[in-house]
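Chemist: whatever this is, show me its structure:
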Amino acid sequence: MTRILGIDPGSRITGYGVIDCEGTCNRYVDSGCIRVPDGPLAGRLKVIFESVRELVCAHRPEELAVEQVFVNRNVDSALKLGQARGAAICAAVVEGLAVSEYSAREVKLAVVGRGGADKAQVQHMVKALLELAATPQADAADALAVALCHVHTVRGVAGLIGAGRRRRRQP
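Modeler: Take a look at the predicted model:
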């Protein structure tokens, strides 16, 4: 079994999701949001760093999957998002986790089947894939989607490696 911590970084709200993966089964463990209080950016980054470290200590994941930053129109917002993402990554690395990064498009494609899916579609598919009783909050659903994307990516690569080995063994 592998435990994955997914992170959807934000300078105000950072979503997190924890899932267990064994074979082809994925099981929901926990999810939520780190709500960062107003104040200077440095203090907000500290809250993200410490909160992610607490999550790692509480849940003991083996790997962290985090969404990459994309620049839309507001470069300042993208820079703050990148710093929030860096705080989360540093917290995971300090605790010895392997880190994998995925674009928003990759996450949506892996979970919904369409790279341009909206938040409601991601929430719906996360609820369905993890057999949740209720729809998770948007930022938590995004974090769970990042974790699911990581699982699907790792399984896909493992399947390709296994297929290559099977083909080479045949006469």
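
Chemist: tally of neighbours for the closest residue to residue 41 other than its chain neighbours?
Modeler: Nearest residue to residue 41 in three dimensions, chain neighbours excluded: residue 80, at 6.4 Å (Cβ to Cβ, 6 or more residues apart in numbering). Placement of C-beta: from N, CA and C, glycine included. By the criterion of other Cβ atoms under 10 Å, residue 80 has 19 neighbours.

Chemist: could you measure from residue 80 over to residue 74?
Modeler: From residue 80 across to residue 74, the span is 9 Å (Cβ to Cβ, to the nearest Å).

Chemist: three-state assignment of residue 86?
Modeler: Taken by DSSP: H, G, I helix; E, B strand; the rest coil, the conformation at residue 86 corresponds to helix.

Chemist: which ones are touching it?
Modeler: residue 45 (Cβ atoms under 8 Å, 6 or more residues apart in numbering).

Chemist: now swap in residue 91 and tell me
Modeler: 48, 49, 50, 51, 52, 53, 56.

Chemist: and it, what element?
Modeler: Element membership for residue 91, per DSSP states H and E: helix 75-94.

Chemist: give me the buried positions along that helix.
Modeler: 80, 81, 83, 84, 85, 86, 87, 88, 89, 90, 91, 92 (16 or more other Cβ atoms under 10 Å).

Chemist: quick one: which of the contacts of residue 91 is nearest to residue 131?
Modeler: Relative to residue 131, the closest of those is residue 56; by Cβ to Cβ it sits at 25.2 Å.

Chemist: distance of that closest one relative to residue 141?
Modeler: Counting by Cβ to Cβ, the gap from residue 56 to residue 141 is 21 Å.

Chemist: again with residue 130
Modeler: In terms of Cβ to Cβ, residue 130 sits 10 Å off from residue 141.

Chemist: more neighbours: those two, which one.
Modeler: Between residue 130 and residue 141, counted using other Cβ under 10 Å, residue 141 has the larger neighbour count: 26 against 20.

Chemist: so what's the more buried one up against?
Modeler: So residue 141 contacts 15, 17, 31, 119, 122, 123, 126, 127, 135 (Cβ under 8 Å, 6+ apart).

Chemist: please apply the same query to residue 140.
Modeler: 8, 15, 16, 17, 31, 32, 33.

Chemist: for residue 93, give me its contacts.
Modeler: residue 99.

Chemist: distance of it from residue 14?
Modeler: For residue 93 relative to residue 14 (Cβ to Cβ), the value is 16 Å.

Chemist: this protein: strands as residue ranges?
Modeler: Here the chain has its strands, by DSSP state E, at 2-8, 13-22, 25-35, 63-67, 98-102.

Chemist: and the first one, which residues are buried?
Modeler: Along strand 2-8, the positions that meet the burial threshold by neighbour count (16+ other Cβ under 10 Å) are 3, 4, 5, 6, 7, 8.
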